[in-house]
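Engineer: predicted coordinates and the sequence they were generated for:
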Amino acid sequence: MAYFPNIETIAYEGPTSKNPLAFKFYNPEEKVGDKTMEEHLRFSVAYWHTFVGDGSDQFGVGTMIRPWKQYSEMDSAKARVEAAFELFEKLNVPFFCFHDVDIAPEGDTLKETYQNLDTIVDMIEEYMKTSKTKLLWNTANLFTHPRFVHGAATSCNADVFAYAAAKVKKGLEIAKRLGAENYVFWGGREGYETLLNTDMKLELDNLARFLHMAVDYAKEIGFDGQFLIEPKPKEPTKHQYDFDVATALAFLQTYGLQDHFKFNIEANHATLAGHTFEHELRVARIHGMLGSVDANQGDTLLGWDTDEFPTDLYSTTLAMYEILQNGGLGKGGLNFDAKVRRGSFEPEDLFYAHIAGMDSFAIGLKVAHRLIEDRVFDAFIEERYKSYTEGIGREIVEGAADFHKLEEYALQLGDIRNQSGRQERLKTLLNQYLLDVCAAR
Ligand code: XUL
Ligand code: CO
């Protein structure tokens, strides 16, 4: 059965195409530098938003028209696998991602949950034998069920810690079986609401114990995917422990976990933390910790995780700038942790949304590549910090200066002269590069 009978395979038709069901900029085979767009961008479909999300919000029930909704739980889960691989093929995406509960319903017992998972994983494995779409990452949902009301690895209840560990253990076995390139830890409810009832030190120690156990188990079963932490400052908890990259990095370093993890950086989580997307990517990159990306965008007028499909070309350009400077994402990818709006309830909206995201990142890739090739910002930055390549600056950088020497130097200085940061000029250059790529039609 076809779940999207009105949709043909989405082809690249170029920027002048008027066909809404075609790529205008994403041309998987086109080379940008030494890699194809497909290799650079490593797009991934998020199972939860695309095949589970129903459009419900605090004020209203689901709105989405989805052909798999007509079936009972396990049949619907099977139909979603069929629909998923149809969509992957029609969009020609190389990767997908899921939480355990996205692919199979939870049973009455953990054992039953495992059985449901095994049935669906068998089916996914079968599809993957003939599909080009691979698993970018999977993860365990440790936040929806009421048992996780006080957290999972940071719960005050040791039984919950054990239950969460069992779910991650199973998740790692699934990751190994399906050849996942990564495994993600997003601390859904790993945080607190009030310090009045919270032993923060024990909770953080336990989170570290949990992650060490996961590292050990992956080693034990020979799962060699990359472990990723996905920071988020708030929502659902008021304060989440993995607030942002800097906070999570300090946590990993404190507990000796830094060599086992990288970061999965989500645009909308960055903005919730009061940062730009590119800030979070930069912090991770300069510490050698940039692993993967949840590609979406927030809404500046709304203070929550709206998970919109990315269409802001400044944001995709500056994100790709960081990713290219990082030498790519390695095992990571650009996962559309994004949902169609509640009013975009028809199945074909799923295609329009992914096309919008893929084309926006393709533009970002091309612009970022040119900016780097022409050394637009690099040359400016090099010049800006030139004082550290000679004289006293060089001595500072090389560790040849101390406070005595610096005082002696400062005492003989006349007027100190600074130079303009030229922010507005640089933004105009960015505009110019963006317009050049978009106008190349
Ligand atoms: C929640 C979020 C998650 C993670 C995976 O904000 O981003 O979907 O990506 O659990
Ligand atoms: Co995410």
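Structural biologist: Perfect, thanks for sending it. Ligands and ions are numbered 1, 2, ... in the order given.
Engineer: close to ligand 1: what parts of the stretch 1-150 of the chain are there?
Structural biologist: His99, Thr139 (Cβ under 6 Å from any ligand atom). (Each C-beta comes from the backbone N, C-alpha and C, glycine too.)
Engineer: how about the stretch 301-441 of the chain?
Structural biologist: Checking the stretch 301-441 of the chain against ligand 1 by Cβ under 6 Å from any ligand atom, the hits are Asp305, Asp337.
Engineer: gap between stretch 27-39 and the chain center?
Structural biologist: Remark: stretch 27-39 is offset 21 Å from the chain centroid, using Cα atoms, centre = their mean, to the nearest Å.
Engineer: which residues does it contact?
Structural biologist: With contact meaning Cβ atoms under 8 Å, 6 or more residues apart in numbering, stretch 27-39 is reached by 12, 14, 26, 40, 92, 94, 324, 328, 362, 365-366, 369, 373.
Engineer: low pLDDT regions in this structure?
Structural biologist: Scanning the chain for pLDDT under 70 picks out 441.
Engineer: which parts of it sit against ligand 2?
Structural biologist: Glu266, Asp294, Asp337 (Cβ under 5 Å from the ion).
Engineer: of those residues, closest to His49?
Structural biologist: Closest to His49 out of the residues of the chain next to ligand 2 is Asp337 (6.9 Å), distances taken as Cβ to Cβ.
Engineer: can you list the helices and strands that the helix or strand hosting Phe263 packs against?
Structural biologist: Secondary-structure assignment from DSSP states H and E places Phe263 in strand 261-266. Judged by 3 or more Cβ pairs under 8 Å, 6 or more residues apart in numbering; DSSP states H and E, strand 261-266 is in contact with strand 226-229, helix 245-254, helix 277-286, strand 290-294.
Engineer: is the residue of the stretch 151-300 of the chain found nearest ligand 2 in a bridge, and if so with what?
Structural biologist: For the stretch 151-300 of the chain and ligand 2, the shortest gap (Cβ to the ion) falls at Asp294, measuring 3.7 Å. Beta bridges link Asp294 to Glu266, Asn335 when assigned by DSSP bridges.
Engineer: ok, back up a step: which member of the residues of the chain next to ligand 2 is positioned nearest Gly399?
Structural biologist: Glu266 (37.7 Å).
Engineer: just to check, the closest one is in contact with Gly291?
Structural biologist: No - here Glu266 does not reach Gly291: they are 12.0 Å apart, not a contact under Cβ atoms under 8 Å.
Engineer: the strands in the stretch 1-150 of the chain, which residues?
Structural biologist: Ranges of strands within the stretch 1-150 of the chain are 11-12, 22-23, 31-32, 35-36, 43-46, 95-99, 134-139, based on DSSP state E, counting those that start in this stretch.
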